[in-house]
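Peer 1: no sequence on hand, only this structure:
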Ligand SMILES: Nc1ncnc2c1ncn2[C@@H]1O[C@H](COP(=O)(O)OP(=O)(O)OP(=O)(O)O)[C@@H](O)[C@H]1O
Ligand SMILES: C[C@@](O)(CCOP(=O)(O)OP(=O)(O)O)CC(=O)O
């Protein structure tokens, strides 16, 4: 019997103009456009295998080796429904000889090589990977922007992970969401000098999910209305220009201002939402001190305390040296070879170390060095597939 199977990986993205607020919660239509950088899959990715078979009796999902209910997950159901409908209308209805895969039950097995639901954008890489893998399984004749419309219905930020490089999610105006999609502003090759350092402050599941948090903000924050009407439209234009011009100081200033405003609207939510903690705020002080004679790094924080620091390649060793001063013995993922290329530099002479105390070991658990990189990839299921010959996970938790 023919086996219908696909295995793919997809990257995370970290926004520099944040998405926060929905105007339609079931279609996942945002209240403002947003923009992100796709990060390298060498450090962070989701990997998904999907098999369709007449032997399967129902749709099943395993996430990180644990079986999860599909029916209870409305967003996953929406992604399956949409991609199956596309298979039917775009392929099976047009070509009677095409296999009727849309009627078969499927098994989905997915793994993240980093903590899930800890503010490291696992829902972004996870749903982008799910929809991309479904599109390969069903051989859908769609481009990445078309697919982003489906991935958006899994998790808003996922739509941006269908592209590499610098990606805007255009909010759109149509009620059916057909113009609310991701577009690539520039490929990863445009600005290879841009790198990122992720400080894992906590890898625990967060208190208030993005989904819940953002709707409470929509309901209660007057500042959000100012942000979406007066601030983001111009900031999107300025950010796109900064990226096109590879103007790091401008890119950095806009990134930090946008992170600050996102956390300000969280504080303006009633009751308030706090995602940053004392460690996050210390990182802001440290980067601010580092930038005092000219902007050399940009911090940004999503819906959790973890920091992402964007900076040009040449500043990375210095940034790592500063972070290791304040956060001793944080595990360092040096898969980019930073410390192989350069000896750890001393702190810049003008840097006033008194701006923050040195934190106890474990305050920052891990530091990951990564860079802007490409979009989802197709792998060979025979060698990389996550399902065994019976269609069950090769690895269970
Ligand atoms: N590989 C995956 N395949 C399918 N779904 C996934 C995958 N990884 C994560 N998810 C879904 O995303 C949820 C986690 O999303 P959540 O928004 O809570 O955390 P996060 O994405 O890590 O944080 P944030 O989006 O705020 O940065 C999981 O509970 C699961 O439903
Ligand atoms: C702070 C953010 O990371 C919020 C991400 O929110 P999600 O995409 O996780 O929310 P849902 O659409 O409800 O799944 C900012 C961003 O990535 O733009």
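Peer 2: Yep, that arrived. Keep in mind it's a predicted model, so treat the numbers as computed, not measured. Ligands and ions are numbered 1, 2, ... in the order given.
Peer 1: can you get me a residue count around the closest residue to residue 19 other than its chain neighbours?
Peer 2: In space, not counting the residues next to it along the chain, residue 19 is nearest to residue 34; the distance is 3.9 Å by C-beta to C-beta, 6 or more residues apart in numbering. From N, CA and C alone the C-beta is placed, and that goes for glycine too. Here the count is done by other C-beta atoms under 10 Å, and residue 34 has 26 residues near it.
Peer 1: how about residue 34: which residues does it bridge to?
Peer 2: When bridges are assigned using DSSP bridges, the partners listed for residue 34 are residue 169.
Peer 1: how about the strands of the stretch 151-300 of the chain, start to end?
Peer 2: If DSSP state E, counting those that start in this stretch is used as the criterion, the strands of the stretch 151-300 of the chain fall at 166-170, 181-186, 194-200, 298-301.
Peer 1: dump these into JSON lines; add mean neighbour count, mean pLDDT and distance to residue 310 as well.
Peer 2: Below are the strands of the stretch 151-300 of the chain laid out as JSON lines (neighbours: other C-beta atoms under 10 Å; pLDDT from 0 to 100; distance: least, C-beta to C-beta, whole Å):
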{"stretch": "strand 166-170", "mean neighbour count": "24", "mean pLDDT": "99", "distance to residue 310": "11"}
{"stretch": "strand 181-186", "mean neighbour count": "20", "mean pLDDT": "98", "distance to residue 310": "14"}
{"stretch": "strand 194-200", "mean neighbour count": "23", "mean pLDDT": "97", "distance to residue 310": "5"}
{"stretch": "strand 298-301", "mean neighbour count": "25", "mean pLDDT": "98", "distance to residue 310": "5"}
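Peer 1: turn those strands into a markdown table, including distance to residue 66.
Peer 2: Supplementary listing: the strands of the stretch 151-300 of the chain in a markdown table, determined by distance: least, C-beta to C-beta, whole Å:
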| stretch | distance to residue 66 |
| --- | --- |
| strand 166-170 | 30 |
| strand 181-186 | 29 |
| strand 194-200 | 22 |
| strand 298-301 | 29 |
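Peer 1: between these, which gets nearest to ligand 1?
Peer 2: Nearest of the strands of the stretch 151-300 of the chain to ligand 1, taken as C-beta to the nearest ligand atom: strand 298-301 at 10.0 Å.
Peer 1: in the stretch 51-200 of the chain, where is pLDDT below threshold?
Peer 2: Across the stretch 51-200 of the chain, the stretches falling below the confidence threshold (pLDDT under 70) are 117-118.
Peer 1: where do the helices of it begin and end?
Peer 2: When assigned using DSSP state H, counting those that start in this stretch, the helices of the stretch 51-200 of the chain occupy the ranges 74-87, 122-137, 144-151.
Peer 1: against which helices or strands is the first one packed?
Peer 2: Okay, so that is helix 74-87. The elements that helix 74-87 packs onto, with contact taken as 3 or more C-beta pairs under 8 Å, 6 or more residues apart in numbering; DSSP states H and E, are helix 122-137, helix 144-151.
Peer 1: over to the longest one?
Peer 2: Using 3+ C-beta pairs under 8 Å, 6+ apart as the contact criterion, the secondary-structure elements in contact with helix 122-137 are strand 4-11, strand 45-53, helix 74-87, strand 105-112, helix 144-151.
Peer 1: what about residue 94, how many neighbours?
Peer 2: Per other C-beta under 10 Å, the neighbour tally for residue 94 reads 10.
Peer 1: mind checking which of the strands of the stretch 151-300 of the chain is nearest residue 378?
Peer 2: Closest to residue 378 of these is strand 181-186 (C-beta to C-beta; 18.3 Å).
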